[in-house]
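Engineer: Sharing a model prediction with you, sequence too.
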Amino acid sequence: MAEENINDQLIVSQVVSGQKDLFRLLVRQYERAVFGMGLSFFRNQEDASDFTQDVFLKAYRSLPGFEGRSRFSTWLYKIAYNTAINDVNRRKEYHSLAEDDVNKLISSIETPENIAIKNAAKNSVREAIKDLPERFRVCIDLFFFYDCSYQEIEVITGTPVNTIKSHVFRAKILLKEKLDFLLES
């Protein structure tokens, strides 16, 4: 993780110093994650694609202001989150990344039975997450799907760390209750 951060910071410094074509390396590295966040918020590929382009354009323009005090990914996700929230406030909708099959994780080698079991488990988790309050879903998405720390979520969302911890903790309890109920059924 630290090596990735050093490489990102090196690329950023090279882009800022004039090697602008190297920005494509950062786009290539983070495009899928930003697009996934776009899908979470907008639920369709066209809007998610437009969102992704908008985020990278904003990031490119703001790159000279990146000071390296956080990981580049945290800084980029903050831009993405703020861009999405501004648009969502206009649209009034948010959908958890867990609701969509953004990453096709099941390989073709697996047996049909294993695929069916994994799909059922994923669908149960998606349904359980979908029922969470929006403030919990955002924290759960960033924590589990984007592998952000509590401090990074604070930077991205502007929500205090203790509130984020509380949201994640409460979401875990609600998810456990919901999934336990589904298992008992």
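Structural biologist: Here it is on my side, so go on. Just so it is clear, the structure is predicted and the values come from calculations on it, not from any experiment.

Engineer: now the strands for this structure?
Structural biologist: For the chain, applying DSSP state E gives no strands.

Engineer: helices and strands of it: which one bottoms out on pLDDT?
Structural biologist: Scoring the helices and strands of the chain by mean pLDDT, DSSP states H and E places helix 112-130 at the bottom, with a mean of 72.

Engineer: Could you chop the protein up by domain?
Structural biologist: As given by automatic domain parsing, the domain ranges for the chain are 1-95, 97-185.

Engineer: Distance from the shortest one to the middle of the chain?
Structural biologist: Centroid separation between domain 97-185 and its chain, computed with Cα atoms, centre = their mean, to the nearest Å, is 11 Å.

Engineer: How much space separates A171 from A84?
Structural biologist: Remark: distance between A171 and A84 (Cβ to Cβ, to the nearest Å) = 19 Å. Every residue, glycine included, has its C-beta placed from N, CA and C.

Engineer: I meant L10, not that one.
Structural biologist: Distance from L10 to A84, by Cβ to Cβ: 28 Å.

Engineer: Tell me which of those two has more neighbours.
Structural biologist: A84 (23 against 11; other Cβ atoms under 10 Å).

Engineer: quick one: contacts for the nearest residue to L179 once chain neighbours are set aside?
Structural biologist: Nearest residue to L179 in three dimensions, chain neighbours excluded: A128, at 5.6 Å (Cβ to Cβ, 6 or more residues apart in numbering). When contacts are counted by Cβ atoms under 8 Å, 6 or more residues apart in numbering, A128 touches 174-175, 178-179, 182.

Engineer: Identify all contacting residues around the longest helix belonging to the chain.
Structural biologist: In the chain, taking DSSP state H as the definition, the longest helix is helix 161-184. For helix 161-184, the external contacting residues (Cβ under 8 Å, 6+ apart) are 124-125, 127-129, 131-132, 135-137, 139-140, 143, 150-151, 153-154, 157, 159.
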